[in-house]
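Student: Got a sequence here, can you build the structure:
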Amino acid sequence: MSRKNILSGSPWEDKMGYCRAVRVGNIVEVAGTVAIVDGEKVLATDAYAQTDNIISRIAEVLKEAGSSLDEVIRTRIFTTDISKFDDIARAHGAYFGEIKPTTGIYEVCKLVSPEYLVEIEFTAFTA
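Tutor: Okay, the predicted model is just below:
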């Protein structure tokens, strides 16, 4: 089976030894992804905007891997504040309401930086 690494250009990919996504055969695994918190459109306090930012950016990664959001079969959502569940769920549902991948949401004590409320992993297939 062939393997395709999809890189984002992040300096952490070389430092840590990972890539944004890996496609092996018809399966695509996307690494845990956090939002780009810009302080204007995506705030450190806005779980909805962070979730929306993550999913919209991963749509492009999946496209590069030969897949799409329509082909996502699993998401794993990590949050530092489970009380933001409704906001996270509303953003996730805006993209996946009809697709309905399996998912889990987990509260964790910290993510890589304090401004991140949400991190999501994705599994998809290619047709």
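Student: does residue 119 sit in a helix or strand, and which one?
Tutor: Take DSSP states H and E as the rule and residue 119 turns out to sit in strand 118-125.
Student: Actually, residue 29.
Tutor: Per DSSP H and E, residue 29 falls inside strand 27-34.
Student: Give me the contacts around the next helix or strand after that strand.
Tutor: Going down the chain from strand 27-34, the next helix or strand is helix 47-64, by DSSP H and E. For helix 47-64, contacts defined as Cβ atoms under 8 Å, 6 or more residues apart in numbering pick out 6, 8, 20-21, 28, 30, 33-37, 41-43, 68-69, 71-72, 77, 79, 81, 84, 87-88, 90-92, 94-95, 116-120, 122, 124. Every residue, glycine included, has its C-beta placed from N, CA and C.
Student: Between strand 118-125 and the following helix or strand past helix 47-64, find me the angle.
Tutor: Beyond helix 47-64 on the C-terminal side, the first helix or strand identified by DSSP H and E is strand 72-79. Here the directions of strand 72-79 and strand 118-125 differ by 170 degrees (axes from the mean of the first three to the mean of the last three Cα atoms, to 10 degrees).
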